[in-house]
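Novice: Just the structure for this:
(2 chains)
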Amino acid sequence: MSLRIVVTVKYVPDATGDRHFADDLTVDRDDVDGLLSELDEYAVEQALQIAENADDAEVTVLTVGPEDAKDALRKALSMGADKAIHVEDDDLHGTDAIGTSLVLAKAIEKAGYDVVISGMASTDGTMGIVPALVAERLGVPQVTLLSEIAVEDGKVTGRRDGDAASEQLEASLPAVVSVTDQSGEARYPSFKGIMAAKKKPVESWDLSDLDIEAEEVGLEGAFTKVEAATARPARTAGTIVKDEGEGGKQLAEFLAGQKFI
Amino acid sequence: MAEVLVYVDHVDGAVRKPTLEVLTLARRIGEPVAVALGAGAAATAATLAEHGAVKVLTSEAAEFADYLVVPKVDALQAAYEAVSPAAVLLPTSADAKEIAARLALRIGSGIITDAIDVEAGSDGPVATQSVFAASFTTKSVVSKGTPVITVKPNSAPVEAAPAAGAVEELSVSFSALATGTKVVSRTPRESTGRPELTEAAIVVSGGRGVNGAENFAIIEALADELGAAVGASRAAVDAGWYPHTNQVGQTGKSVSPQLYIANGISGAIQHRAGMQTSKTIVAVNKDAEAPIFELADYGVVGDLFQVVPQLTEEIKARKG
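Specialist: Numbering: from 1, shown residues only, chains lettered A, B, ... in the order given. Predicted coordinates:
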């Protein structure tokens, strides 16, 4: 039977743009250009490599987000994924990580899966907890933050590099996996890939397709509330000196004045 | 007074500093009850008591080391049910964030990660976070359930606040999921003898300008003179000059030391995301136009191969 791989991806505001908050204190997704979260490209790459090494596999990319989020799916399809699912619903606006994991878990179950692959975190929220939440909801092993991954014989194995130690992990499928930016450079879409992506199927699901009530998600359903968002005051201009041969000593003088030495 | 659960990050009984910082914040909200898991858990009690833990719940079951994350979630949930705390606080780490998230889901609560401050509020604890590469600061509350909050290292001072620290054995029954992901082997990191990057009071980093693995010796020499941790930019790590575990930035570690010294680092958004909340920032770079100088409290436009060794020598001389 075919190995069913579902890759979760997120469409995020460009980190090099001027990111800010909307009036309702959600992330403003209108005024800044969006793109497939860079860290999710690593997940797409590993999914494609696992599929290439399997006898028979299918890679489905899944996103939850507004209309524009299709761009993220299109990018993943042009890299080589087979099909895409876009969960889109006006009631999703303002959904937090807990709510997002509900939508993803329901969609993953509906799509059918053997292995779910995610990036290590999004580049906007940066929490890095959605894979663990999805694993908890699906009731399957979590094999997260892998820098090396292999899927064979109904098992996933990989290396998780922690602060104190590097761990070799193993779990039976089905499982939820996340990969780091150390897992291997993501491929660039080829011209052929970009053309082929235009013909690949993108399914659209809304909350009713997933039997989720509007109150369970969105700003209303959120378990956390942002009460205030303040732009960080610009750092006061520091002292910049040009090294004329004494730069190191001048720097030492500054550090001494600040009581660091 | 309400109790606050504090998850203890320790290595074989040695409590890591961020846990003590979390105890400082926990005492603002209630009486800290610490939860220490795994080999050496009971040995954490004395340190935790010195810093305000009224109770220390321990379990040394083998499952904590043999399987990933879920056994710890089971244990923290058991502690939560035994204590009925006003909040659950954890020092941020990759493991702790995942443990916190799964606990929050199980107990029907919201979760806030990477707080840089936690204060008591009229509707429960208010968490401050630094977002969008530290260009914004937000204040958030958990609006449903018992707040579960992870706190970034260096977000609070370590304070002595002696308390009873009574040790109690925590009884944990592991869920079927607990043994889902096996830790087949574990290779401890080789100690460099330097402080842990995220915990260090001073971080000395090198970037593209260091221009080679062998040249990191001058970054390390300065770090050692200051008792600092060594960091590296993504460019330096991608080039293979320094290990990924030392990477500072969006896809590496986020640090918030008292002093951050950036050498040969331009200061791209990717890097700023990981160090912009540092209290004092110093930069050494050949390029006067490098964006890192916009953040710097003190900057030297010059060749790091001249400036850094001179700085190291000068510090050595001043120490006498």
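
Novice: What is the longest helix of chain B by residue count?
Specialist: Identified as the longest helix of chain B according to DSSP state H is helix B:304-319.

Novice: for that helix, packing partners?
Specialist: With contacts taken as 3 or more Cβ pairs under 8 Å, 6 or more residues apart in numbering or on different chains; DSSP states H and E, helix B:304-319 sits against helix A:247-257, helix B:216-226, strand B:280-285. All C-beta spots, glycine's among them, are computed from the backbone N, C-alpha and C.

Novice: Show me the helices in the stretch 151-300 of chain B, by range?
Specialist: B:216-226, B:234-238, B:269-275, B:292-295 (DSSP state H, counting those that start in this stretch).

Novice: In CSV, list the ones you listed along with distance to B:Ser256.
Specialist: Putting the helices of the stretch 151-300 of chain B into CSV (distance: least, Cβ to Cβ, whole Å) gives the following:
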stretch, distance to B:Ser256
helix B:216-226, 17
helix B:234-238, 18
helix B:269-275, 8
helix B:292-295, 13
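
Novice: looking at these, which is buried most?
Specialist: Of the helices of the stretch 151-300 of chain B, the one with the most neighbours on average (mean count of other Cβ atoms under 10 Å in any protein chain shown) is helix B:269-275, at a mean of 24.

Novice: quick one on the thing from earlier: mind putting the helices of the stretch 151-300 of chain B into CSV with mean pLDDT and distance to B:Lys286?
Specialist: Compiled in CSV, the helices of the stretch 151-300 of chain B are given as follows (pLDDT from 0 to 100; distance: least, Cβ to Cβ, whole Å):
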stretch, mean pLDDT, distance to B:Lys286
helix B:216-226, 98, 15
helix B:234-238, 95, 15
helix B:269-275, 91, 17
helix B:292-295, 94, 11
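
Novice: got TSV for those helices, with distance to chain A too?
Specialist: Listed next are these as TSV, based on distance: least, Cβ to the nearest Cβ, whole Å:
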stretch	distance to chain A
helix B:216-226	7
helix B:234-238	9
helix B:269-275	5
helix B:292-295	6
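
Novice: quick revisit: take the helices and strands packed on helix B:304-319 and lay them out in a markdown table including distance to B:Val210.
Specialist: Shown next, in a markdown table, are those (distance: least, Cβ to Cβ, whole Å):
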| stretch | distance to B:Val210 |
| --- | --- |
| helix A:247-257 | 16 |
| helix B:216-226 | 6 |
| strand B:280-285 | 11 |
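
Novice: out of the ones you listed, nearest to A:Glu38?
Specialist: strand B:280-285 (24.8 Å; Cβ to Cβ).

Novice: Is that closest one in proximity to chain A?
Specialist: Yes - residues of strand B:280-285 contacting chain A under Cβ under 8 Å from any Cβ of the partner chain: B:Thr280, B:Ile281, B:Val282, B:Val284.

Novice: Flag every buried residue along the longest strand anywhere in chain A.
Specialist: Using DSSP state E to define each element, chain A has its longest strand at strand A:142-152. For strand A:142-152, a neighbour-count test (16 or more other Cβ atoms under 10 Å in any protein chain shown) marks A:Gln142, A:Val143, A:Thr144, A:Leu145, A:Leu146, A:Ser147, A:Glu148, A:Ile149, A:Ala150, A:Val151 as buried.

Novice: ok, that strand: who's next to it in the sheet?
Specialist: Sheet pairing for strand A:142-152, assigned by DSSP bridges, gives strand A:155-161 (antiparallel), strand A:175-179 (parallel).

Novice: Now that strand: average pLDDT?
Specialist: The average pLDDT for strand A:142-152 rounds to 97.

Novice: Then stretch B:96-105?
Specialist: 98.

Novice: Please name the nearest non-neighbouring residue to the closest residue to chain A within the stretch 101-250 of chain B.
Specialist: Nearest residue of the stretch 101-250 of chain B to chain A: B:Gly110, at 2.9 Å (Cβ to the nearest Cβ). Spatial nearest neighbour of B:Gly110, chain neighbours left out: A:Phe223 (2.9 Å); criterion: Cβ to Cβ, 6 or more residues apart in numbering or on different chains.

Novice: Check B:Ala133 too.
Specialist: Nearest to B:Ala133 is B:Ala273, by Cβ to Cβ, 6+ apart, at 3.8 Å.

Novice: In contact with that neighbour: list those residues for me.
Specialist: By Cβ atoms under 8 Å, 6 or more residues apart in numbering or on different chains, the contact set of B:Ala273 is A:Ala15, A:Thr126, B:Ala133, B:Ala134, B:Gly249, B:Gln250, B:Ser254.

Novice: Next: A:Ala196.
Specialist: A:Leu77, A:Ser78.

Novice: Quickly find the element holding it.
Specialist: Under DSSP states H and E, the secondary-structure element containing A:Ala196 is helix A:191-197.

Novice: which of the residues in that helix are buried?
Specialist: A:Gly193, A:Ala197.

Novice: buried ones in whatever helix or strand comes next after that helix?
Specialist: Using DSSP H and E, the helix or strand that follows helix A:191-197 towards the C-terminus is strand A:202-205. Under the neighbour-count criterion of 16+ other Cβ under 10 Å, strand A:202-205 has A:Trp205 buried.

Novice: And stretch B:124-144, by the same measure?
Specialist: So stretch B:124-144, judged by 16+ other Cβ under 10 Å, has buried residues B:124-143.

Novice: Look at it and report the distance between its end residues.
Specialist: End-to-end distance for stretch B:124-144: 10 Å, by Cα to Cα, to the nearest Å.

Novice: now swap in stretch A:167-183 and tell me
Specialist: First-to-last residue span, stretch A:167-183, Cα to Cα: 15 Å.

Novice: How far off centre is that stretch?
Specialist: 15 Å (Cα atoms, centre = their mean, to the nearest Å).

Novice: Which of the residues in it are classified as buried?
Specialist: A:167, A:169-171, A:173-183.

Novice: Closest to A:Asp31 out of these?
Specialist: Among the buried residues of stretch A:167-183, and counting by Cβ to Cβ, the member closest to A:Asp31 is A:Asp181, at 27.2 Å.

Novice: Contacts only, for that closest one.
Specialist: The neighbours of A:Asp181, taking Cβ under 8 Å, 6+ apart as the test, are A:Glu38, A:Leu39, A:Tyr42, A:Met120, B:Thr251.

Novice: So which of those residues sits lowest on pLDDT?
Specialist: B:Thr251 (84).

Novice: Give the burial count for that one, as a bare number.
Specialist: Counted by other Cβ atoms under 10 Å in any protein chain shown, the residues lying close to B:Thr251 total 23.

Novice: how close does it sit to A:Gln182?
Specialist: 9 Å (Cβ to Cβ, to the nearest Å).

Novice: And for A:Gly65?
Specialist: Note on A:Gly65: its distance to A:Gln182, by Cβ to Cβ, is 26 Å.
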